[in-house]
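In: generate coordinates for the sequence data below:
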Amino acid sequence: MLETSKISVTKIAQSKLKDLDFSNLPFGKNFTDHMLVATYANGGWQSVEIRPYEALSLQPSIVAIHYGQSIFEGIKAYRYENGDALIFRPYDNFKRFNVSAERMCMPIVPEKIFIEGMKQLIEIDKEWIPTEADHSLYIRPFMFATDEIIGVKPSENYLFIIILSPTGPYYAAPMKILVEETYTRAAPGGVGFAKNAGNYAASLLATQIAKQKGYDQILWTDAFEHKWLQEVGTMNVFFIIGNTAITPSLDEGTILAGVTRDTAITVLNEMGLTVEERKISIDELVEAYDAGSLKEVFGTGTAATISLIEKLKYKEKVLSFNLDLLTVAPELKSRLDDIRTGKTIDSHGWMVSV
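Out: Purely as a prediction, here's the structure:
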């Protein structure tokens, strides 16, 4: 059985860093020199190595391709002015990753592989961390089934991999959102709370249709009545009504327990807002808008951090927001940015040194 504290390292002969244009970093298109790869077989983790980023050699019959046993996480690292590299709340992502693993009948990844492996990998490639505003090193841990058999059952073999991507903002501009009334992202008893690949594949068609109509993303509703609000695109969502921030409850298991969502709840409380985690319908939202009490709508996510929403369309009703009048989301984003980049003291212990 593997001693998880031992991670072998093979470094690349020549770094690709010199070819990177830090002034042009689209999200998720550039990758660092190295990756971490761990192998699960015979009931345990057999090897962990950091090696050059390269293509994988896989059989066309692997279970992940045919039956969707595949999960992932999204985490970010930042570099302070003194050169230190720090990761934002990686232990929360580690816990959520294993929640997803259990739901998808996959093995638990030990902390020494997930966290310590991530730290070692970032330390090797930390010069790739951009320092420009709204930029970061995006960390993508993922695991997928590798049994070479066509048969519907949990795999006995897996690969766990971490890759790194220096990146700019996911949503550079405020978004236009269409409320979804036909397609469903998740239902109670399903896998909506798990960060598995299939959830995202299922969202593509509805999102494509929304884009054809001139919208950037969709606001998901429940599977039964299509009126109870869930997530917006790949993000959790917040509604500012009066002095209250409302975000859909996690109780039904249809919504991902976002780390940025949890962070936003803490900071919004510190800003003096009341935060409610509860069911909220599109009808309540429209009524609040018509009454003049719905002030802001914004998304939260690891990739997007805080994303402003300038328009929300439901049936023939368009809810528009004057970006110049927004106060809560911009302040929330500013406070989070200051914590992540070391401009203010991290009193919550969210930043973890590499």
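In: count the neighbours of the nearest residue to Asp84 once chain neighbours are set aside for me.
Out: Spatial nearest neighbour of Asp84, chain neighbours left out: Ser353 (6.5 Å); criterion: C-beta to C-beta, 6 or more residues apart in numbering. C-beta coordinates here come from the backbone N, C-alpha and C atoms, glycine included. A count of neighbours around Ser353, defined by other C-beta atoms under 10 Å, yields 10.
In: A strand includes Leu205, no?
Out: No - Leu205 is assigned helix when assessed by DSSP: H, G, I helix; E, B strand; the rest coil, not a strand.
In: and Arg278, how many neighbours?
Out: When neighbours are counted by other C-beta under 10 Å, Arg278 registers 9.
In: all the strands of the stretch 201-350 of the chain, residue numbers only.
Out: 217-221, 229-232, 236-241, 244-247, 274-277, 294-301, 305-314, 317-320 (DSSP state E, counting those that start in this stretch).
In: these: which one's closest to Thr39?
Out: Each of the strands of the stretch 201-350 of the chain has some distance to Thr39 by C-beta to C-beta; the shortest is strand 294-301, at 30.2 Å.
In: each with direction, which strands does the closest one pair with?
Out: strand 236-241 (antiparallel), strand 305-314 (antiparallel) (DSSP bridges).
In: out of those, which is closest to Ser61?
Out: Nearest of the strands paired with strand 294-301 (C-beta to C-beta): strand 236-241, 36.6 Å.
In: can you give me the angle the closest one makes with strand 217-221?
Out: 80 degrees (axes from the mean of the first three to the mean of the last three C-alpha atoms, to 10 degrees).
In: before we move on, back to that, tell me how far the residue nearest to Asp84 lies from Pro166.
Out: Computed as C-beta to C-beta, to the nearest Å, the Ser353 to Pro166 distance reads 19 Å.
In: now swap in Lys295 and tell me
Out: Lys295 is 35 Å from Pro166, by C-beta to C-beta.
In: distance of the residue lying farthest from the centre of the chain from Ala245?
Out: No residue in the chain sits farther from the centre than Ala291, which is 33.5 Å out by C-alpha atoms, centre = their mean. Using C-beta to C-beta, Ala291 is found at 17 Å from Ala245.
In: for Lys313, same thing?
Out: 22 Å.
In: okay, those two: which has more neighbours?
Out: Ala245 (24 against 19).
In: hey, which of the strands paired with strand 294-301 is tucked in deepest?
Out: Comparing these by mean neighbour count (mean count of other C-beta atoms under 10 Å), strand 236-241 ranks first with a mean of 24.
In: report the backbone C-alpha coordinates of that one in CSV.
Out: The C-alpha coordinates for strand 236-241 follow below in CSV (Å, rounded to 0.1, in the frame of the first residue of the first chain):
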residue,chain,number,x,y,z
ASN,A,236,-24.7,29.8,-6.9
VAL,A,237,-26.9,32.9,-7.0
PHE,A,238,-27.8,35.7,-4.5
PHE,A,239,-30.7,38.1,-4.6
ILE,A,240,-30.5,41.4,-2.6
ILE,A,241,-34.0,42.3,-1.5
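In: which residues sit against that strand?
Out: Strand 236-241 is contacted by residues 219, 229, 231, 245-248, 255-256, 258, 260-261, 264, 268, 273, 280, 285, 288, 293-301, 328-329 when judged by C-beta atoms under 8 Å, 6 or more residues apart in numbering.
In: dump the strands paired with strand 294-301 to CSV, plus distance to Arg335.
Out: What follows is the strands paired with strand 294-301, written out as CSV (distance: least, C-beta to C-beta, whole Å):
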stretch, distance to Arg335
strand 236-241, 14
strand 305-314, 10
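In: what's the pLDDT at Lys141?
Out: Careful, residue 141 is Pro; it's not Lys. In this model, Pro141 is scored at 98, pLDDT.
In: my bad, Val318
Out: At Val318, pLDDT is 97.
In: who's in contact with it?
Out: 311-312.
In: ok, it to Gln14 distance?
Out: In terms of C-beta to C-beta, Val318 sits 53 Å off from Gln14.
In: ditto for Ser8
Out: Distance from Ser8 to Gln14, by C-beta to C-beta: 20 Å.
In: would you confirm that Thr184 contacts Ala223?
Out: Yes - using C-beta atoms under 8 Å, Thr184 makes contact with Ala223 at a distance of 4.2 Å.
In: give me the domain ranges for the chain.
Out: 8-169, 175-340 (automatic domain parsing).
In: need these in a markdown table with distance to His348, can you?
Out: Converted to a markdown table, the domains of the chain look like this (distance: least, C-beta to C-beta, whole Å):
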| stretch | distance to His348 |
| --- | --- |
| domain 8-169 | 9 |
| domain 175-340 | 7 |
